[in-house]
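A.B. asks: got a sequence here, can you build the structure:
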Amino acid sequence: MATVETSHGRIPNWEQVRDQWLGRLTGLIDQVESWVRAWGWATRRIEKKIEDSEVGDHRAPALLMQEGTTRILLEPMGRSAAPDTEGIVDLYLMPAYNDVAHLYYYRGGWHLHYRFAGANGKPAAARQESLTAEGFRAVLEEIVRRAA
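C.D. replies: Now for the predicted structure:
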């Protein structure tokens, strides 16, 4: 579902880098969509325009997920949004766009970063883990619990 705009990038191998990013992102969306559908969530793919001066403007896939009245958006933010990463995707509770978690691509895979308030209301320690179905499901369950 990713599409390419007409602008060109500034780095020598911009097309290859852009295509690698879009492939990595599409793989993530495919994986997450298969997990959440298996858990009974409804999904809808949408596209987001991303402006990237290095690889050119393009459209990237995003995923809207819904269970009951809880809606969550998995939204690509960029290919080079943080040092030592090759992609960042945010996970938002909608409609307020409260970011709940971030997925970063580094060391050859996607990693889930999140922090929820502890029982006393104070922020708990930040968690970072390789992306797995179990980890992603735990984050979704916590979002649903807090949204109720």
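
A.B. asks: next, name the residue at the spatial heart of the protein.
C.D. replies: Central residue of the chain (Cα atoms, centre = their mean): V89, 3.0 Å from the mean position.

A.B. asks: next, it: secondary structure please.
C.D. replies: When classified by DSSP: H, G, I helix; E, B strand; the rest coil, V89 comes out as strand.

A.B. asks: surely it and R79 touch.
C.D. replies: No: V89 lies out of contact with R79 (Cβ atoms under 8 Å); the separation is 10.5 Å. In short, each C-beta sits where N, CA and C put it, glycine included.

A.B. asks: low-confidence regions, the protein specifically.
C.D. replies: Within the chain, the ranges that satisfy pLDDT under 70 run 1-9, 99, 117-125.

A.B. asks: tell me where it has strands.
C.D. replies: Listed in chain order, the strands of the chain (DSSP state E) span residues 3-4, 42-50, 58-67, 70-78, 88-94, 98-106, 109-114, 127-130.

A.B. asks: which one of those lies closest to Q31?
C.D. replies: For Q31, the closest of the strands of the chain is strand 109-114, at 8.4 Å, according to Cβ to Cβ.
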